[in-house]
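Enquirer: got a sequence here, can you model it:
(one chain, ligands or ions: 1)
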Amino acid sequence: MIVLSELDEEVQAAVAATRERVAALHAELPRWGLVVWTAGNVSERVMVDRGRGPQCAGLFVIKPSGVSYDELSPGTMVVCTLQGDKIEDGTPASLTPSSDTAAHAYVYRHMEGVGGVVHTHSTYATAWAARREPIPCVLTMMADEFGGDIPVGPFALIGDDSIGRGIVETLSGSRSPAVLMANHGPFTIGRDARAAVKAAAMCEEVARTVHVARQGGEPVPIDQAQIDSLNDRYQNVYGQHEE
Ligand SMILES: O=C(CO)[C@@H](O)[C@@H](O)COP(=O)(O)O
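Expert: Model prediction:
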């Protein structure tokens, strides 16, 4: 069993910082109306920089299962190996990690560029998942953030590698950071947990807008070359850039 307090200081400091970020980002899910009760979860890969750039510490931090959002804190964030096994992280042994831990762990093991994973049951995105229908790229906001349609992943039961495998098989080779897991809800990925939370918020926003648009008729898809141009600008030009 890995014992956090026996790991080197850089790893312990990185875990503490990751716990702070993941705990704070969980508050964004109810804030943007993406979850009810204890549904949903956020995780982030622990990265350590020993002078040669950020390296994966072989750990990630995730929410404890079924704990109310207003009871979450850095000290209750659970630390797991990339196999999804909780380490001796200073929390009570009885505090179990999210029921989606295996899915998050599978993504981290198979998509090394992914630093954050988020799962919600946000209403409109989950309604598209119930129909097993991809959200068509008919908005510039979709081209910006998703680079095309938001795909649907396979139906998978919770608790083993099934969901994680479905996420990886669907998103590998896709520009989309979001996948609508059939009859379940959206999972999103990002370079870090904040990017994955943003993708979850924008996934729900475009799911709602396209749903509303379809009430008045069939929305018109955007030409692929224009999607590519919009995605390139948004991913590489939009916003503020460090000097
Ligand atoms: O997706 C589901 C249930 O469908 C749950 O796993 C999830 O939303 C919340 O579970 P946790 O509290 O993270 O264990």
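Enquirer: drop to CA atoms for contacts and neighbour counts, all remaining ones
Expert: Fine.
Enquirer: show residues contacting stretch 54-68.
Expert: Contacts to stretch 54-68, defined as C-alpha atoms under 8 Å, 6 or more residues apart in numbering, come from residues 11, 15, 18-19, 22-23, 37-39, 41-49, 72, 76-82, 95-99, 101, 105.
Enquirer: so for stretch 232-242, what gets flagged as buried?
Expert: Residues of stretch 232-242 classed as buried: Asp232, Tyr234 (neighbour count, 16 or more other C-alpha atoms under 10 Å).
Enquirer: ditto for stretch 210-217
Expert: Val210, His211.
Enquirer: quick one: it to chain centroid distance?
Expert: 27 Å (C-alpha atoms, centre = their mean, to the nearest Å).
Enquirer: what about the contacts of stretch 54-68, which are in strands?
Expert: Mapping the contacts of stretch 54-68 onto strands (DSSP state E) picks out 41-49, 78-81.
Enquirer: filter the residues you listed down to the ones near the ligand?
Expert: Residues of the ones in strands among the contacts of stretch 54-68 in contact with the ligand (C-alpha under 6 Å from any ligand atom): Asn41.
Enquirer: neighbour-wise, which of the ones in strands among the contacts of stretch 54-68 leads?
Expert: For those, the largest number of neighbours (other C-alpha atoms under 10 Å) sits with Ser43, at 35 neighbours.
Enquirer: skipping its backbone neighbours, what lies nearest that residue in space?
Expert: Nearest non-adjacent residue to Ser43, counting by C-alpha to C-alpha, 6 or more residues apart in numbering: Ile62, 4.3 Å away.
Enquirer: and the helix ranked longest in the chain, does that touch the ligand?
Expert: Across the chain, the longest stretch assigned as helix under DSSP state H is helix 193-214. No. Helix 193-214 is not in contact with the ligand by C-alpha under 6 Å from any ligand atom; minimum separation 13.3 Å.
Enquirer: quick one: mean pLDDT over that helix.
Expert: Helix 193-214 shows a mean pLDDT of 98.
Enquirer: which strands and helices lie in contact with that helix?
Expert: helix 9-26, helix 28-31, strand 41-49, strand 116-119, helix 123-130, helix 140-146, strand 178-181, strand 185-190 (3 or more C-alpha pairs under 8 Å, 6 or more residues apart in numbering; DSSP states H and E).
Enquirer: what residues does this protein have near the ligand?
Expert: Thr38, Ala39, Gly40, Asn41, Ser65, Gly66, Ser98, Ser99, Asp100.
Enquirer: highest neighbour count among these?
Expert: Busiest of those [other C-alpha under 10 Å] is Asn41, holding 28 neighbours.
Enquirer: that one contacts Gly116, correct?
Expert: No. Asn41 is beyond contact range of Gly116, at 10.8 Å (criterion: C-alpha atoms under 8 Å).
Enquirer: which stretch of helix or strand covers Pro219?
Expert: Of the helices and strands defined by DSSP states H and E, none includes Pro219.
Enquirer: and it, how many neighbours?
Expert: 16.
Enquirer: what of Gly75?
Expert: 13.
Enquirer: surely it meets Leu95?
Expert: No. The criterion here is C-alpha under 8 Å, and Gly75 misses it with Leu95 at 11.2 Å.
Enquirer: tell me where the model's unsure across the chain.
Expert: For the chain, no stretch has pLDDT under 70.
Enquirer: if you set the cut-off to 90 instead, what comes out?
Expert: 159, 173, 241-243 (pLDDT under 90).
Enquirer: ok, Val197 to the ligand distance?
Expert: Applying C-alpha to the nearest ligand atom, to the nearest Å, the value for Val197 to the ligand is 14 Å.
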